[in-house]
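Colleague: Sharing a model that was predicted from the sequence below.
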Amino acid sequence: MNGFPTAAAFADIDNYIWDFDGTLYNTYDYTIECFCRAVRELGFPADEAKVYSLMMNNIGAAFTGYCTEYGIDFETLKKTYNRIKRYDPVSQGGPFPYAKEVLRLVRQNGKRNFMFTHRSKDLYPIMGYWETDRDFDGIVTMADGFPAKPAPDAVLYLVKEYSLDPKRTVMVGDREVDVASGASAGVLTCHVTNLKPYKDFPCDIRIGTLREIYSALGGKCV
């Protein structure tokens, strides 16, 4: 649900805590492609829409779901997937349209960007390649030892460490666990659907693409 009009909401927000995969960076398409190729290579059917739905929980849910349904050995599937997938910054997928622009517009407007992602240290080479690493005041990854979403610990850490006002801070993500993490930490929440089917769940703001945030902050969309 939308708690209030998008433009009015973002005008009053000072701090943005972003998710990475599927929110700022379009990495799902390649991940799903590699997963489906791995399943098919082992002789089983794979459906992209089904894999996407499972990955809305996490990639582990896709592995577990397919292994359980088809009797695939987990380690064999994982090894096949890792052999197929390339981990360079270009192959994984770059920023979504307006991602780089909105990060920079946030800073130009005197506001701040943060991140809480389930990635580990592999995040930094990707962001460095696409030149988005310089746009953040603070980043939390799994390498920092915090529990995974929907636990609020990492968001609470960012709020405390950087003296963020929860009422003027928003957690932006494409999955329910992103939103739940922010909600449990007492900050505002924004769900990005990427114009794809989604399971309805409570959030303060729901948008289709990052273009909406960019426009709400005064960016000129082409």
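Modeller: Here it is on my side, so go on. Numbers count the residues shown, from 1 in each chain.
Colleague: What strand or helix carries Met127?
Modeller: Taking DSSP states H and E as the definition, Met127 sits inside helix 123-129.
Colleague: Hmm, Val102 and Gly218 touching each other?
Modeller: No - using CB atoms under 8 Å, Gly218 makes no contact with Val102, being 10.8 Å away. All C-beta atoms are positioned from the backbone trio N, CA, C, and that covers glycine.
Colleague: Which other helices and strands does the helix holding Met127 contact?
Modeller: helix 89-92 (3 or more CB pairs under 8 Å, 6 or more residues apart in numbering; DSSP states H and E).
Colleague: Can you tell me the number of residues neighbouring Val187?
Modeller: By the criterion of other CB atoms under 10 Å, Val187 has 25 neighbours.
Colleague: same question, Phe74
Modeller: Phe74 has 13 nearby residues by other CB under 10 Å.
Colleague: quick one: pLDDT of it?
Modeller: pLDDT recorded at Phe74 is 96.
Colleague: Excluding chain neighbours, what is closest to it?
Modeller: Cys67 (4.9 Å; CB to CB, 6 or more residues apart in numbering).
Colleague: Can you pick out the residue with more neighbours from Gly218 and Val102?
Modeller: Val102 (28 against 12).
Colleague: if we can go back for a sec, moving C-terminal of the helix holding Met127, what's the next helix or strand?
Modeller: strand 138-140.
Colleague: Would you mark the buried spots in whatever helix or strand Phe35 lives in?
Modeller: Element membership of Phe35, judged by DSSP H and E, is helix 28-41. Neighbour-count burial for helix 28-41, counted by 16 or more other CB atoms under 10 Å, picks out 28, 31-36, 38-39.
Colleague: repeat for stretch 50-64
Modeller: 50-56, 59, 62-63.
Colleague: One more: stretch 144-162?
Modeller: In stretch 144-162, counting by 16+ other CB under 10 Å, buried: 146, 149-150, 152-159.
Colleague: first vs last residue of that stretch, how far apart are they?
Modeller: Its first and final residues considered, stretch 144-162 spans 16 Å by CA to CA, to the nearest Å.
Colleague: what residues does that stretch touch?
Modeller: 15, 17, 58, 112, 114, 116, 118, 137-138, 140, 142, 164, 166, 169, 171, 175-178, 180-182, 184-187 (CB atoms under 8 Å, 6 or more residues apart in numbering).
Colleague: Point me to the residue sitting farthest from the middle of this protein.
Modeller: Centroid-distance maximum for the chain: Gly43 at 30.9 Å, with CA atoms, centre = their mean.
Colleague: three-state assignment of it?
Modeller: Following DSSP: H, G, I helix; E, B strand; the rest coil, Gly43 is assigned to coil.
Colleague: gap between it and Thr76?
Modeller: Distance, Gly43 to Thr76, by CB to CB, to the nearest Å: 11 Å.
Colleague: ok, now Val159?
Modeller: Taking CB to CB, one finds Val159 at 42 Å from Thr76.
Colleague: do the same with Pro197
Modeller: In terms of CB to CB, Pro197 sits 31 Å off from Thr76.
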